[in-house]
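Peer 1: Any chance you could fold what I've pasted below:
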Amino acid sequence: MGKESEYIHKSHNVSILIYHFVCPTKYRRVIIDKDVDEKLKEICLEIENRYEINFLEIGADKDHVHFLVQGVPNKSPTELVTTIKSITARKIFEWNPELKKKLWGSNFWSSGYFVSSVGRHGDEGKISRYVEKQGKSEKYEKWHEGQLKLF
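Peer 2: This is a model prediction of the structure:
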């Protein structure tokens with residue numbers, strides 16, 4: 001990761017929650033060029049200063065943007081991406097109203113997005129092995145084992 005992520009210390013929790021968001025432009029229109037890239041970066045840094053969102057990386061292709069962000073436990077991934085998308089869209093259109101014409105007067109972002117959590121300390125198997133070694137007894141007793149589900 002570009003910027004090393006740190007634990008966030010709050011009064012009642014310590015966390016390191018990292019998410020990878022991919023946000024496509026509306027209609028997958030190719031509207032992200034170098035100027036839009038720079039403006040998006042500038043806006044994201046403003047968001048970082050006002051909200052509890054830490055941008056670790058931002059990368060763009062011509063029709064979508066990848067955001068690697070660190071959040072806090074009281075903000076769901078949906079709240080984070082909604083904040084990012086709404087503020088960036090509004091500010092981009094204020095900065096360059098002509099972009100709205102390229103999108104036929106529509107929104108900057110598609111309504112959908114991709115999100116994935118990113119582990120700092122390893123994958124699912126590594127965490128499972130760590131949990132297995134916890135406890136005071138000699139033998140760890142697993143109470144439940146579930147499978148990942150796609151809903």
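Peer 1: what sits against Lys26?
Peer 2: Residues near Lys26 by Cβ atoms under 8 Å, 6 or more residues apart in numbering: 103, 106-110. To be clear about C-beta, it is placed using only N, CA and C from the backbone, and glycine gets the same treatment.
Peer 1: For it, give me phi and psi.
Peer 2: Phi and psi for Lys26, reported as degrees, to the nearest 10, are phi -60, psi 140.
Peer 1: and it, how far is that from Phe93?
Peer 2: As for Lys26, its distance to Phe93 is 12 Å (criterion: Cβ to Cβ, to the nearest Å).
Peer 1: where does the protein have low pLDDT?
Peer 2: Scanning the chain for pLDDT under 70 picks out 1-5, 121-124, 127-145, 147-151.
Peer 1: just the strands in it please.
Peer 2: For the chain, the strands defined by DSSP state E occupy 8-9, 14-15, 17-24, 54-61, 64-71, 114-118.
Peer 1: partners of the first one in the sheet?
Peer 2: In its sheet, strand 8-9 lies beside strand 14-15 (antiparallel), with partners assigned from DSSP bridges.
Peer 1: The fourth one too?
Peer 2: Strand 54-61 pairs in its sheet with strand 64-71 (antiparallel), by DSSP bridges.
Peer 1: next one: the last one
Peer 2: Pairing partners of strand 114-118, with direction, according to DSSP bridges: strand 17-24 (antiparallel).
Peer 1: Which positions in the strand it pairs with come out as buried?
Peer 2: Using 16 or more other Cβ atoms under 10 Å as the test for burial, strand 17-24 gives 17-24.
Peer 1: roughly how far out does that strand sit from the chain middle?
Peer 2: 3 Å (Cα atoms, centre = their mean, to the nearest Å).
Peer 1: Then stretch 20-34?
Peer 2: On Cα atoms, centre = their mean, the centre of stretch 20-34 falls 15 Å from that of its chain.
Peer 1: Next, the distance between the ends of that stretch.
Peer 2: 22 Å (Cα to Cα, to the nearest Å).
Peer 1: Only the buried residues of the longest helix seen in the chain, if you could.
Peer 2: Scanning the chain for the helix with the most residues, using DSSP state H, yields helix 77-95. Of the residues in helix 77-95, 77, 80-81, 83-85, 87-89, 91-92 count as buried by neighbour count, 16+ other Cβ under 10 Å.
Peer 1: and the residue lying closest to Ile18 once chain neighbours are set aside, how many residues sit next to it?
Peer 2: Counting by Cβ to Cβ, 6 or more residues apart in numbering, Val118 is the residue found nearest to Ile18 once chain neighbours are left out, at 4.2 Å. By other Cβ atoms under 10 Å, the residues close to Val118 number 15.
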